[in-house]
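Asker: Generate a structure from the sequence data that follows.
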Amino acid sequence: MHLSLLLAAALASTPGAPAARPAAAPAIAWEDWSEGAFARAAREHRFVLLDLGAGWCHWCHVMEETTYRDAEVVRLIGAHYVAVHVDQDTRPDLANRYEDYGWPATVVFDGGGQELVRMQGYIPPPRMRALLKAVVDDPTPGPSVTGGPGAAAGVPGPVSATLREELAKLDVDRYDGENGGWGFVHKYLDADSVEHALRRAAAGDAAALRRAQETLDKQLQLFDPVWGGVYQYSDSGIWSNPHFEKIMSVQADNLRLYAMAYAQWKKPEHLRAAREVHRYLRTFLRSPEGAFYASQDADLVPGEHAAPFFALGDAERRARGIPRVDRSLYARENGWAARALAEMFAATGDAQAKDDALIAARWLIARRRLPGGGFAHGDHDTGGPYLADSAAAARAFLALHVATGEREWLDQAEDAARFIDRTFRRQGAAGYVTAAGGGRYDAPRPQREENVLVGRLAVQLQRLTGRAAYGAMAARALEYLSVPEVARRFSTASVLLLLDEAAPAGAAAATSAGPATR
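Answerer: Alright, predicted model coming up:
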């Protein structure tokens, strides 16, 4: 039977709920992602099974505690597979490649590196057994590969007026008019959509005003009322079913957007929200030297749903323990935090936010800066440097320059931008790729949101310095983003923000509410 039929039968015949924890089985011999893992698979006529997860992810823990402890799953992997585990926070390039499939994401390759299967989310033991057997019986690419998201197929060029109108319509159509927020399954604050709506509202768009205010009001349900900070999202199309992990991207986006909303409307609840995120960052995610950790786990006990725990008060929680904090110190996450804090200071005058932003930025320069102006991801990068780290750091420096008027931060941002253009540009190709490294099995590709970030960074630098080289950088990023298959992806607001900022000053004033950062 063809692999696609075997998988379809397996998925139809097994439930999606987690199985009971099985009896102990021999441990799987996980390896790191490497060319050596693929060489071994080819030499031993095996397949490569990639488990791409996150240390903060509840369903990743459930899969570790059930599926990968199942005796038959362990036997099949040991007999036919090279098992590779990657924490996606450590490898932004792999995370970007499989962001549509996780977390956890499960990808199966043959020994030559060809993808055979991509699976999204938790896979119960019966489904995993069926998957592993199906690949062995018929190692041809399944429907998740042949019919899944792939590389952009269009031809890069200028963003047409027709495409821009389509992106604006998609942004409106993807708003949930009944429950609020952009998107209909997961509920969360989509930062680009809210920022774009804030700009449209400032320009007099009443519908955008309603969407922005409604989303900000609904999002308050995802704030932890005890410790502060924001849970990642709520599922099932409602705002009251949260996933309890607290990751830096979510904290930074909420801090920044509530500060921006307060600057625009002066609502006390928006200032309180920004301060609650800041309180959480200082209490749980700030290291002794003032840099910021990556995340806090969704679970107190790995694999056990934490709703009863997060319903408790402070003393009761602490008596039981504190969910694990990932104390990794990444440049990307510290750039996100420093930018958000700088923008909070600009919007509110909060001196503590300014001081925390400055300390994190100086830590970035002291501990993560590379020769030539770019930034390493962590202490021991295996596939970098990565575009996301240098772009996040540069945007933080620009936010500090705007907030403080100090020239040193503009100089740092320019150094990082020049590093990006030298390191992540590929001759004859549109856009910027996600990593400078990469090999046969992880050759770097461009990623949409990173090209938006580079484009917005370059536009702001051009306006601040008048240097044409930054205009060329923005044009290169926009060339990649002009491919309809790329631009139409959720959320189109990110591309619309860049288009507004890249327009001539007079044209931009008609559709946006100000410069790239406040």
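
Asker: What count of nearby residues applies to the residue lying closest to Leu285 once chain neighbours are set aside?
Answerer: With Cβ to Cβ, 6 or more residues apart in numbering as the criterion, Leu285 has its nearest non-adjacent residue at 4.6 Å, and that residue is Tyr293. For glycine as for every other residue, the C-beta is placed from the backbone atoms N, C-alpha and C. Applying other Cβ atoms under 10 Å, we find 20 other residues in the vicinity of Tyr293.

Asker: Over to Ala207?
Answerer: 12.

Asker: Val402 too?
Answerer: 19.

Asker: Ok, Arg407 next?
Answerer: The local packing of Arg407 (other Cβ under 10 Å) involves 9 other residues.

Asker: next one: Ala487
Answerer: The number of residues near Ala487, taken as other Cβ under 10 Å, comes to 24.

Asker: Please give me every residue in contact with it.
Answerer: Contact partners of Ala487, counting by Cβ atoms under 8 Å, 6 or more residues apart in numbering, are Val159, Leu163, Leu167, Leu481, Val495.

Asker: any idea how the protein splits into domains?
Answerer: Each structural domain of the chain that the record assigns through automatic domain parsing is listed here as a residue range: 3-146, 161-511.

Asker: looking at the ones you listed, which has the lowest confidence?
Answerer: Out of those, the stretch the model trusts least by mean pLDDT is domain 3-146, with a mean of 86.

Asker: How far off centre is it?
Answerer: In terms of Cα atoms, centre = their mean, to the nearest Å, the gap separating the centre of domain 3-146 from the centre of its chain is 22 Å.

Asker: I'd say the residue nearest to Leu285 and Asn334 touch.
Answerer: No: the pair Tyr293 and Asn334 fails to qualify as a contact (Cβ atoms under 8 Å) at a distance of 9.4 Å.

Asker: what residues are shared contacts of these two?
Answerer: Residues touching both Tyr293 and Asn334 (Cβ under 8 Å, 6+ apart): there are none.

Asker: name the helices or strands packed onto the host helix or strand of Glu343?
Answerer: Taking DSSP states H and E as the definition, one finds Glu343 inside helix 331-348. Taking 3 or more Cβ pairs under 8 Å, 6 or more residues apart in numbering; DSSP states H and E as contact, the helices and strands that helix 331-348 lies on are helix 248-265, helix 268-280, helix 351-368, helix 387-404.

Asker: any chance of the ones you listed in TSV, with distance to Pro143 too?
Answerer: Below are the helices and strands packed on helix 331-348 laid out as TSV (distance: least, Cβ to Cβ, whole Å):
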stretch	distance to Pro143
helix 248-265	31
helix 268-280	41
helix 351-368	41
helix 387-404	30
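
Asker: Between those helices, which one is closest to Val145.
Answerer: Shortest separation from Val145 across the helices and strands packed on helix 331-348 is recorded for helix 387-404, at 25.4 Å, computed as Cβ to Cβ.

Asker: quick one: buried residues of whichever helix or strand comes after that closest one?
Answerer: Taking DSSP H and E as the definition, the helix or strand that follows helix 387-404 towards the C-terminus is helix 407-423. By 16 or more other Cβ atoms under 10 Å, the buried positions in helix 407-423 come out as 409-410, 412-421, 423.

Asker: Please render those residues as TSV that adds distance to Asp171 to the earlier fields.
Answerer: As requested, the buried residues of helix 407-423 are exported to TSV (distance: Cβ to Cβ, whole Å):
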residue	distance to Asp171
Trp409	32
Leu410	32
Gln412	33
Ala413	28
Glu414	32
Asp415	34
Ala416	29
Ala417	28
Arg418	33
Phe419	32
Ile420	27
Asp421	29
Thr423	32
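
Asker: Gln352: which of these is nearest?
Answerer: Taking Cβ to Cβ as the measure, Gln352 lies nearest Trp409 of those, at 18.5 Å.

Asker: contacting residues for the closest one?
Answerer: Applying Cβ under 8 Å, 6+ apart to Trp409 gives the contacts Ala361, Phe397, Leu398, Leu400, His401.

Asker: which among those residues end up buried?
Answerer: Going by neighbour count (16+ other Cβ under 10 Å), the contacts of Trp409 have Ala361, Phe397, Leu398, Leu400, His401 buried.

Asker: Next, format the residues you listed as CSV and append distance to Tyr122.
Answerer: Compiled in CSV, those are given as follows (distance: Cβ to Cβ, whole Å):
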residue, distance to Tyr122
Ala361, 38
Phe397, 39
Leu398, 39
Leu400, 41
His401, 44
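
Asker: quick check, nearest of those to Trp30?
Answerer: Each of those was scored against Trp30 by Cβ to Cβ, and Ala361 proved nearest at 36.0 Å.

Asker: just checking, the closest one touches Ala399?
Answerer: No: using Cβ under 8 Å as the test, Ala361 is too far from Ala399 to be in contact (9.2 Å).

Asker: shared neighbours, these two?
Answerer: With contacts taken as Cβ under 8 Å, 6+ apart, Ala361 and Ala399 have Ala338 as neighbours in common.

Asker: Can you tell me how far the residue lying closest to Arg211 once chain neighbours are set aside is from Gly183?
Answerer: The spatial neighbour of Arg211 that comes closest, neighbours along the chain excluded (Cβ to Cβ, 6+ apart), is Ala197 at 4.9 Å. Spatial separation of Ala197 from Gly183 under the definition Cβ to Cβ, to the nearest Å is 14 Å.

Asker: Tell me which residues touch Leu271, please.
Answerer: Contact partners of Leu271, counting by Cβ under 8 Å, 6+ apart, are Tyr258, Ala259, Tyr262, Thr348.

Asker: what about it, distance to Ala503?
Answerer: Distance check for Leu271 against Ala503: by Cβ to Cβ, it reads 31 Å.

Asker: where's the most centrally placed residue in the chain relative to Ala392, distance?
Answerer: In the chain, the centroid-proximal residue (Cα atoms, centre = their mean) is Ser249; its distance is 6.7 Å. Here the distance between Ser249 and Ala392 works out to 10 Å (Cβ to Cβ).

Asker: Leu400 now?
Answerer: 13 Å.

Asker: now the helices for the stretch 401-518 of the chain?
Answerer: Remark: helices assigned in the stretch 401-518 of the chain by DSSP state H, counting those that start in this stretch are 407-423, 448-465, 468-481, 484-487, 493-502, 505-511.

Asker: what does the stretch 101-250 of the chain give?
Answerer: Secondary structure of the stretch 101-250 of the chain (DSSP H, counting those that start in this stretch): helices located at 125-137, 143-146, 161-173, 191-202, 206-219, 248-265.
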